[in-house]
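>>> predicted model and sequence follow; I will ask about them next.
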Amino acid sequence: MVNRPPIKIVSGMPILGPFAENWENVQDFEAREDDLLIVTYPKSGTTWMSEILDLMIHNGDDMKTQRGAIFQRVPFLEYAVPDMPSGTEILNALESQRVIKSHLPAHLLPGSFWEKQCKIIYLARNVKDVLVSYYHFYRMAIVHPEPGTFDEFLQNFIDGKIAFGSWSDHVKGWWKIRHQKDILYLFYEDMLEDPKREILKVMKFIGKDLPEEVLEKIHQRTTFKTMKENHMANYSTIPSHVMDLSVSPFMRKGICGDWKDQLTVAQNEILDEYYKREMRDTDLTFRFEN
């Protein structure tokens, strides 16, 4: 039986037990002016955007993106598990320009990112697909606590008691400040609908000017099918004591509307009620199917 560490609370936010041990280094992290930061609530397209940005800053050269696994090329700021270097350690050793990923809510982002006025890409996904994907991720990612039954996980999700806390607080927190800072706020559902359109937005946002054929190459290299088969993008190289991919693949379906096959009528009603209640005070809205 694998010993799954319990959730811990840091700065009022639930986080994975091992991650909590490195929290001070996360809060003290020194950003650089040319850092590009990808922020999402978990299971909202982080790896997809990571691969797009890594290809983009290397002008579409896919040989460069084979230099290491995605979690080495785009390190996860909060990451810390036994017997592996932490996200902050990997990032501090990297030369510029760094692409960094994070799941932190806006109010807990290390201050140096604001001070250095770093460009931030926030990617949001609808709550129902996030919930389903996160449940399967919890099952296979052994650094998480046991998810329990789907109903138990749903309740913990609604109560904000899972790693990185409340989905609604997260998406609303970043939405609220998107015009005050250098933030590009994107939606997973929009990326599925027209990937090239959204990739173009990213290119303009980071100040790149790539020819059409390079954009097309980035688009083709970052389709779900291509990434699922790419060992440098699909997490197949991560140690099995961190993720047991025999339980569920890291890249499962990558679609909008998977929740319709997963949620019971009662579960769907609970989520509808949660969504209506939580989004009452914002103009942020989500699509639940393509």
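Arrived safely, thanks for sending.
>>> just the helices in the stretch 51-200 of the chain please.
Taking DSSP state H, counting those that start in this stretch as the test, the helices found in the stretch 51-200 of the chain are 70-73, 87-93, 111-115, 127-140, 150-158, 167-176, 188-193, 195-205.
>>> nearest residue to residue 131 other than its sequence neighbours?
residue 157 (5.5 Å; Cβ to Cβ, 6 or more residues apart in numbering). The C-beta positions use only the backbone N, C-alpha and C, and glycine is treated the same way.
>>> for that neighbour, give me its contacts.
Contact analysis of residue 157 by Cβ atoms under 8 Å, 6 or more residues apart in numbering lists 131, 134, 167.
>>> buried residues in stretch 169-184?
169, 170, 171, 172, 173, 174, 175, 183, 184 (16 or more other Cβ atoms under 10 Å).
>>> spatially nearest residue to the fourth one (excluding sequence neighbours)?
Of all residues beyond its chain neighbours, the one nearest residue 172 is residue 282 (5.1 Å), with distances taken as Cβ to Cβ, 6+ apart.
>>> surely that neighbour is in contact with residue 169?
No: using Cβ atoms under 8 Å, residue 282 is not in contact with residue 169, being 10.8 Å away.
>>> just checking, residue 62 touches residue 55?
Yes: in this structure, residue 62 is within contact of residue 55 by Cβ under 8 Å, at 6.7 Å.
>>> coming back round to it: report pLDDT for the residue nearest to residue 131.
pLDDT for residue 157: 96.
>>> from residue 138, how far out is it?
Plainly put, residue 157 is 10 Å away from residue 138 if you go by Cβ to Cβ, to the nearest Å.
>>> what touches both of residue 62 and residue 55?
217, 221.
>>> looking at the two, which is more packed in?
Neighbours per residue (other Cβ atoms under 10 Å) separate residue 62 from residue 55, with residue 55 holding more: 23 against 17.
>>> my read: that one touches residue 218, true?
Yes: counting by Cβ under 8 Å, residue 218 is a contact partner of residue 55 at 4.7 Å.
>>> fine by me, thanks again.
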